[in-house]
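Undergrad: build the 3D model from these lines:
(one chain, ligands or ions: 1)
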Amino acid sequence: MREAGGKVALVTGGGRRIGAAISRALARGGYIVVPTYRSGRGEALRIAAEIGGNALPLDLSRPSTFARFAERLEREHGRLDLLVHSAAVFPRTPLSTVTPAGWDEVFAVNLRGPCLLTRALFPLMRRGAGVCFVGDAGARDLWPAYLPYCLSKIALEAFAAGLAEAAPRDIRVGVVRPGLVLPPPGFPRERWERLRGSSRRRGIRTPEGVARAILRFAGGEGIISKLSP
Ligand SMILES: NC(=O)c1ccc[n+]([C@@H]2O[C@H](COP(=O)([O-])OP(=O)(O)OC[C@H]3O[C@@H](n4cnc5c(N)ncnc54)[C@H](OP(=O)(O)O)[C@@H]3O)[C@@H](O)[C@H]2O)c1
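TA: Residues are numbered from 1 along each chain as shown. So this is what the prediction gives:
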């Protein structure tokens, strides 16, 4: 254990983009932050060095590794006060071309991973600990080219609602729904701006806004928003 007594937050995918903003905000909020990475080791290590946390590798598509990950977190930090599920994949997967493996990958990373990781980390959580899921305000628009992604985010929110009922001890559950925050790499800039300009688009619009919502949740504000469409 490194710093006995300090509150510990784990941020999956906390080394870059929205996840990095969440890591920074939680560190400013007094947490010892553990960002996780899969391929972005360098970025995650840089964020960890900047905020004084330590980055850990985690592949959400490999649930057989979660028990070992939980043991490591316990060994290095001894507790978990806030678990933020920010990591996700967002591949273009139109129904006409999506493969079974492509479909499964989206659900493995975006849904099964967060669900089973939460379960594996429950023993480290104390009374009053929080679990916060990063959903997507646009998921219910069911974008045709991203149908598995949208379905995985809707299911993740449903899982959060179930968890809020069934969580052991006094564990708080929240969902944050970003809107169009950052374009996926390679997404045409003009199209992105057009989408953002559309009045139908909802949700939080900046990485810092997402991070602030999570800080409010960490501070005790309930943000399980209405889960029905
Ligand atoms: N960007 C937006 O406008 C937007 C809008 C609505 C909702 N969201 C949600 O906000 C969250 C963050 O979005 P973002 O755009 O910042 O994401 P991003 O840039 O695509 O980053 C995703 C993160 O997930 C991690 N990741 C991917 N596959 C993984 C795996 N198998 N195991 C563990 N980690 C894995 C990546 O880690 P490595 O880089 O280390 O591989 C990366 O840190 C996501 O949940 C997303 O669905 C984003």
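Undergrad: tell me which parts of this protein are close to the ligand?
TA: Counting by CB under 6 Å from any ligand atom, the chain comes close to the ligand at 12-13, 15-19, 37-40, 58-61, 86-90, 109, 134, 136, 178, 180-182. Every C-beta, even on glycine, is put in place using the N, C-alpha and C of the backbone.
Undergrad: which among the residues you listed end up buried?
TA: The neighbour count (16 or more other CB atoms under 10 Å) marks 12-13, 15-19, 37-38, 40, 58-60, 86-90, 109, 134, 136, 178, 180-181 as buried among the residues of the chain next to the ligand.
Undergrad: among those, which ones are in strands?
TA: Judged by DSSP state E, the subset of those located in strands is 12, 37, 134.
Undergrad: could you dump these into a markdown table and include pLDDT?
TA: As requested, those are arranged in a markdown table below (pLDDT from 0 to 100):
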| residue | pLDDT |
| --- | --- |
| 12 | 98 |
| 37 | 98 |
| 134 | 97 |
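Undergrad: out of those, who's nearest residue 124?
TA: residue 12 (14.6 Å; CB to CB).
Undergrad: okay, and the beta partners of the closest one?
TA: residue 85 (DSSP bridges).
Undergrad: quick one: it from residue 183, how far?
TA: Counting by CB to CB, to the nearest Å, the gap from residue 12 to residue 183 is 21 Å.
Undergrad: swap in residue 210?
TA: Using CB to CB, we find residue 210 at a distance of 15 Å from residue 183.
Undergrad: who has more neighbours out of those two?
TA: Remark: of residue 210 and residue 183, residue 210 carries more neighbours, 25 against 14, as counted by other CB atoms under 10 Å.
Undergrad: quick one: the more buried one from residue 26, how far?
TA: Looking at residue 210 against residue 26, where the rule is CB to CB, the gap reads 12 Å.
Undergrad: again, but for residue 134
TA: The spacing between residue 134 and residue 26, counted by CB to CB, is 13 Å.
Undergrad: shared neighbours, those two?
TA: Residues touching both residue 134 and residue 26 (CB atoms under 8 Å, 6 or more residues apart in numbering): residue 84.
Undergrad: so who does the most centrally placed residue in the chain touch?
TA: Nearest to the mean C-alpha position of the chain, counting by CA atoms, centre = their mean, stands residue 86 at 1.6 Å. Residues near residue 86 by CB under 8 Å, 6+ apart: 11-14, 18-19, 22, 134.
Undergrad: just give me how far the lengthiest helix in the chain sits from the chain centre.
TA: Longest helix of the chain, by residue count under DSSP state H: helix 147-166. In terms of CA atoms, centre = their mean, to the nearest Å, the centre of helix 147-166 is found 12 Å from the chain centre.
Undergrad: ok, for residue 153, nearest residue in space, not its chain neighbours?
TA: For residue 153, ignoring the flanking residues on the chain, the nearest one in space by CB to CB, 6 or more residues apart in numbering is residue 139 at 3.9 Å.
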